[in-house]
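Chemist: I'd like to go over a predicted model; first the sequence, then the structure.
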Amino acid sequence: MEQGFISLDSIPGDFDLQSTIESGQSYMWSRDDGRMYEETPAYGGTAWYYTAFSRPTNGEPSVVRVRQHDHRLEWEATFDARDALVQLLRLDDDLEAIISETVDDSLVRTAYETYRGMRLVRDPPFPTLISFICSAQMRVSRIHGMQRALARKFGDTIKFDGMTYHAFPTAEQLATATESELRELKLGYRAPYVASTAKMVAAGEAHPEDAIGMDYEAAREYLTRFVGVGEKVADCVLLFSLGYLEAVPLDTWIRGAIADHYPECDRGSYAETSRAIRERFGGTYAGYAQTYVFHYLRANESPSE
DNA sequence: TATCCAAGGTAAGTT
DNA sequence: AACTTACCTTGGATA
């Protein structure tokens, strides 16, 4: 086992591991008490989180554990995970500068202040594509549960430090899944979407990362070729995996925020409303404002309000 | 205890 | 292009 820590003393805009991981943008991580997305941490924000994946560099199945403690990000892994963590958790973002370049209104400011240090994630493309296909009409905790079920059934098993971990399946592994197998994992009507998309990627017909480099709206359009991916899911993949920080996924919570706080941004169609709210949130880093508002409303606004 | 409802939407069919 | 409708499942709200 390798281990180390990343000092958070002088990171611009601070860093908050719990809100970054549990804000509904990433489904790659689990908390080691098994209660992620269900209850607040049992240890005052210093819980260990783990993720298992095949390393992009050599395909080697790997495990990373991480926790935030005493202004440090402590990690234990099957390899030197420092660079991977900087990438995954966007520790290279100048969050202070980003916030100063986005809109300053009461809703966004409150969200920034409440979850100070929350960062966007830079998750791997294929798992992000699949998890947000699964996200349609589904609660955050159940989306997370689906991804764990997919990993258990179709992913690599990795032993590390006396524990057994399950990596998210590769496209090739998930392409072997039948629709009925996926329905048994409670994916519901998303099962055929996941099966089709996994087969498309495994066959080399298209890859989500092919969108990198395209103009934002062209990239969003490109991703809709995957079955089960519409404009909203495409925006999530662009924002949480492919580095398009201007993307503003228009989900139920953001649509509610538009109705309550930015009614002039409702232009009817997804594309036009997206442009309007993106501009309102400050353009280049509008996705940061989106994710803060999403997390703030979901955590603080009761469903009936 | 039974019923209802909405959850980080999308695809397919109509107008 | 804009509008409708069907779609799995289930935790939590309501009767």
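Modeler: Received the coordinates, thanks.

Chemist: Show the contacting residues for the residue in chain A that DNA strand B sits nearest to.
Modeler: Using C-beta to the nearest atom of the strand, A:Gly230 is the residue of chain A that sits closest to DNA strand B, at 2.6 Å. Backbone N, C-alpha and C define where each C-beta goes, glycine included. Shown in contact with A:Gly230 (C-beta atoms under 8 Å, 6 or more residues apart in numbering): A:Thr224.

Chemist: Check A:Tyr262 too.
Modeler: A:Tyr262 touches A:Ala276, A:Ile277, A:Arg280, counting by C-beta under 8 Å, 6+ apart.

Chemist: same deal with A:Tyr50?
Modeler: Neighbours of A:Tyr50 in contact, by C-beta under 8 Å, 6+ apart: A:Trp29, A:Ser30, A:Asp32, A:Val63, A:Val64, A:Arg65, A:Val66, A:Tyr165.

Chemist: What about the fifth one, how many residues nearby?
Modeler: The burial metric for A:Val64, expressed as a neighbour count using other C-beta atoms under 10 Å, is 23.

Chemist: part of a strand, is it?
Modeler: Yes: A:Val64 forms part of a strand when assessed by DSSP: H, G, I helix; E, B strand; the rest coil.

Chemist: pLDDT score assigned to it?
Modeler: With respect to pLDDT, A:Val64 scores 98.

Chemist: Identify, from the contacts of A:Tyr50, the entry nearest to A:Thr291.
Modeler: A:Trp29 (15.7 Å; C-beta to C-beta).

Chemist: measure that closest one to A:Phe5 for me?
Modeler: From A:Trp29 across to A:Phe5, the span is 18 Å (C-beta to C-beta, to the nearest Å).

Chemist: coming back round to it: taking the contacts of A:Tyr262 one by one, which sit in helices?
Modeler: A:Ala276, A:Ile277, A:Arg280 (DSSP state H).

Chemist: Would you reformat these as a markdown table and include pLDDT, neighbour count and distance to A:Val121?
Modeler: Output for the ones in helices among the contacts of A:Tyr262, formatted as a markdown table (pLDDT from 0 to 100; neighbours: other C-beta atoms under 10 Å; distance: C-beta to C-beta, whole Å):
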| residue | pLDDT | neighbour count | distance to A:Val121 |
| --- | --- | --- | --- |
| A:Ala276 | 98 | 17 | 26 |
| A:Ile277 | 98 | 25 | 21 |
| A:Arg280 | 98 | 20 | 23 |
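
Chemist: Closest to DNA strand C out of those residues?
Modeler: Distance to DNA strand C across the ones in helices among the contacts of A:Tyr262 (C-beta to the nearest atom of the strand) is lowest for A:Ala276, with 13.8 Å.

Chemist: got a list of what the closest one touches?
Modeler: A:Tyr262, A:Glu264, A:Cys265, A:Asp266, A:Arg267.

Chemist: most neighbours, which of the residues you listed?
Modeler: A:Cys265 (21 neighbours).

Chemist: Share the number of residues neighbouring whatever residue of the stretch 1-150 of chain A ends up closest to DNA strand C, please.
Modeler: The stretch 1-150 of chain A approaches DNA strand C most closely through A:Gln137 (4.4 Å), counting by C-beta to the nearest atom of the strand. Neighbours of A:Gln137 under the rule other C-beta under 10 Å: 8.
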